[in-house]
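Engineer: I'll drop the sequence and a predicted model, then ask my questions.
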Amino acid sequence: MLEATLRERANNLVRASARSDVPPFMVMDVMAAAARIEASGGHVIHMEVGQPSAPAPRAAISAAKAALDDARIDYTSALGITSLRERIARHYGETYGCEVGAERIVITTGSSGGFILAFLAMFEPGDRVAVAVPGYPPYRHILTALGCEPVLIETSSENRHALTGEALLAAHRKRPLKGVLVGSPANPTGTMMSRDALTSLISTAEEAGIRFISDEIYHGLDYAFPAVTAAELSSHALVINSFSKYFCMTGWRVGWMVAPEALVRPIERLQQNLAISVPTLSQIAAEAAFEGRQEMEGVKHGYLENRRILIEGLPQAGLDKFLPADGAFYLYADVSAFTSDSFEFAKKMLEQAHVAATPGIDFDPVRGRQFIRFSYARSADEMREAVARIARWLG
């Protein structure tokens, strides 16, 4: 009896919290499975993870090396290095033709750190926040872990899988929403919102008292038309971006947000306590990365070619239904002609064809079993080989 009591007491000491009970980010599990195949000698084509195969800009790497030679890498302000914040503010004028004050720029630990800070600063536990599906899984997982309720709004091919004001208001009428988060270009679909569509959605949200968060991490990787920033359309919207995708700096873990003025100090207080500051070396490299825009445009041109290879090649391989890839580096393909379980489809494709892709269930718990996400962020030769392997496997 005593032994059982002690065992129960010990179990209680190490029991995980309810808020930690979120689904895994499935793409990371696929990466682990691919690594096991490679460890046994197999050659896997990686189309599962949204990670550029190109390195960071040369200017960023050189700046980091120079900073290391200076020997001191100290804390920075919780809001970030002043010169980096000023450079990002200038970026908005250069790229979008809109004025954003450097005092509204907050440097974050990647976009992931930005989401955590934004959700903590904008919402209370129990608040309902709308996200479009299919969509980036950690949106809803982070909201859940923080005690908020993610509200999934299904999109359709009729509106190019972009969230509409009508759908947002319909969800709001059922039970009031406190916020909405929208990505454009979107992950996993690559869908982009036009200026008119984004303007209308922001206006609809704000008129209904719904706070607007814009995920712009894939800005710069736009093919159908130039991406529009919410910072140009509303001073009340909160914008999240990162150096991970366009600037190929995933592992540096550095991003930024454009915050409404009233939220800058609350976000600063949160950052002071949660992280003190973003890694200094990454901030130094990020500021220099802007000097590598021409280099990064060359990388983007490679994505454009990869996109063409998949759009032309996958139908010949048997996958002829996919969503529009306006931007980012993803193609979201309908595999319902072959399976009703995209997880098993992705598992077998990895094991038998050695092509790693992410099952749609990761992005859409409702209809995701019909879809697979392919990332085309690697080399053109790998994309051609992937198409050939898939064709042999499905044939």
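Structural biologist: That came in fine, so what should we check first? Note that this is a predicted model, so its numbers are computed, not measured.

Engineer: which stretch of helix or strand covers residue 48?
Structural biologist: Remark: residue 48 resides in no helix or strand, with elements defined by DSSP states H and E.

Engineer: And the pLDDT for it?
Structural biologist: On pLDDT, residue 48 comes in at 91.

Engineer: Give me the below-cutoff pLDDT ranges for the protein.
Structural biologist: Applying pLDDT under 70 to the chain picks out residues 1-4, 6-7, 9-10, 25.

Engineer: how about the longest helix belonging to it: buried residues?
Structural biologist: For the chain, the helix that runs over the most residues, judged by DSSP state H, is helix 293-317. For helix 293-317, burial by neighbour count (16 or more other CB atoms under 10 Å) applies to 293, 295-296, 299-300, 302-303, 306-307, 309-310, 313-314, 317. To be clear about C-beta, it is placed using only N, CA and C from the backbone, and glycine gets the same treatment.

Engineer: what's the answer for stretch 327-341, then?
Structural biologist: So for stretch 327-341, counting by 16+ other CB under 10 Å, buried means 327, 328, 329, 330, 331, 332, 333, 334, 335, 339.

Engineer: next one: stretch 154-164
Structural biologist: So, applying 16+ other CB under 10 Å, buried residues of stretch 154-164: 155, 160, 161, 162, 163, 164.

Engineer: can you give me the strands in this structure?
Structural biologist: 45-46, 105-108, 128-133, 149-154, 179-183, 211-215, 238-242, 255-258, 330-334, 355-356, 358-359, 371-375 (DSSP state E).

Engineer: Would you check that residue 63 makes contact with residue 287?
Structural biologist: Yes - contact criterion CB atoms under 8 Å: residue 63 and residue 287 qualify, at 7.2 Å.

Engineer: wait, what's in contact with residue 360?
Structural biologist: 134, 188, 332, 342, 367, 368, 369, 370, 371, 372, 373 (CB atoms under 8 Å, 6 or more residues apart in numbering).

Engineer: Based on its surroundings, how many neighbours for the residue nearest to it when sequence neighbours are not counted?
Structural biologist: Leaving aside its chain neighbours, residue 360 sits nearest to residue 371 (3.0 Å; criterion: CB to CB, 6 or more residues apart in numbering). Applying other CB atoms under 10 Å, we find 26 residues neighbouring residue 371.

Engineer: what about residue 371, distance to residue 89?
Structural biologist: 38 Å (CB to CB, to the nearest Å).

Engineer: How about residue 250?
Structural biologist: On the measure of CB to CB, residue 250 and residue 89 end up 24 Å apart.

Engineer: Hmm, residue 78 is touching residue 271, no?
Structural biologist: Yes - when contacts are counted by CB under 8 Å, residue 78 is listed as touching residue 271 (4.2 Å).

Engineer: If you count surrounding residues, which of those two has more?
Structural biologist: In this view residue 78 and residue 271 are compared by other CB under 10 Å, and residue 271 has more residues nearby, 25 against 19.

Engineer: got a list of what that one touches?
Structural biologist: 78, 79, 106, 108, 117, 277.

Engineer: from those residues, which two are the most distant?
Structural biologist: Taking CB to CB as the measure, the contacts of residue 271 span a maximum distance of 12.6 Å, between 117 and 277.

Engineer: Which one's more surrounded, these two?
Structural biologist: Between residue 117 and residue 277, counted using other CB under 10 Å, the more crowded position is residue 117 (25 against 18).

Engineer: That one and residue 268 touch, don't they?
Structural biologist: No - in this structure, residue 117 is not within contact of residue 268 by CB under 8 Å, at 9.4 Å.

Engineer: hey, what's in contact with both of those two?
Structural biologist: residue 106.

Engineer: Tell me who's in contact with residue 247.
Structural biologist: Contacts of residue 247 (CB under 8 Å, 6+ apart): 56, 57, 60, 286, 289, 292, 296.

Engineer: Just put these in JSON lines and tack on distance to residue 323.
Structural biologist: Converted to JSON lines, the contacts of residue 247 look like this (distance: CB to CB, whole Å):
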{"residue": "56", "distance to residue 323": "30"}
{"residue": "57", "distance to residue 323": "30"}
{"residue": "60", "distance to residue 323": "32"}
{"residue": "286", "distance to residue 323": "31"}
{"residue": "289", "distance to residue 323": "30"}
{"residue": "292", "distance to residue 323": "31"}
{"residue": "296", "distance to residue 323": "25"}
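
Engineer: which of those has the most neighbours?
Structural biologist: Ranking the contacts of residue 247 using other CB under 10 Å puts residue 286 first, with 30 neighbours.

Engineer: separation between that one and residue 295?
Structural biologist: From residue 286 to residue 295 the distance is 15 Å (CB to CB).

Engineer: what's the answer for residue 258, then?
Structural biologist: From residue 258 to residue 295 the distance is 25 Å (CB to CB).

Engineer: With residue 111 instead?
Structural biologist: Following CB to CB, the distance that separates residue 111 from residue 295 is 22 Å.

Engineer: This structure - how does it break down into domains?
Structural biologist: 22-55+294-394, 58-291 (automatic domain parsing).

Engineer: I'd like the distance from the last one to the chain centre, please.
Structural biologist: Relative to the mean C-alpha coordinate of its chain, domain 58-291 is positioned 9 Å out (CA atoms, centre = their mean, to the nearest Å).

Engineer: distance between the ends of that domain?
Structural biologist: 9 Å (CA to CA, to the nearest Å).
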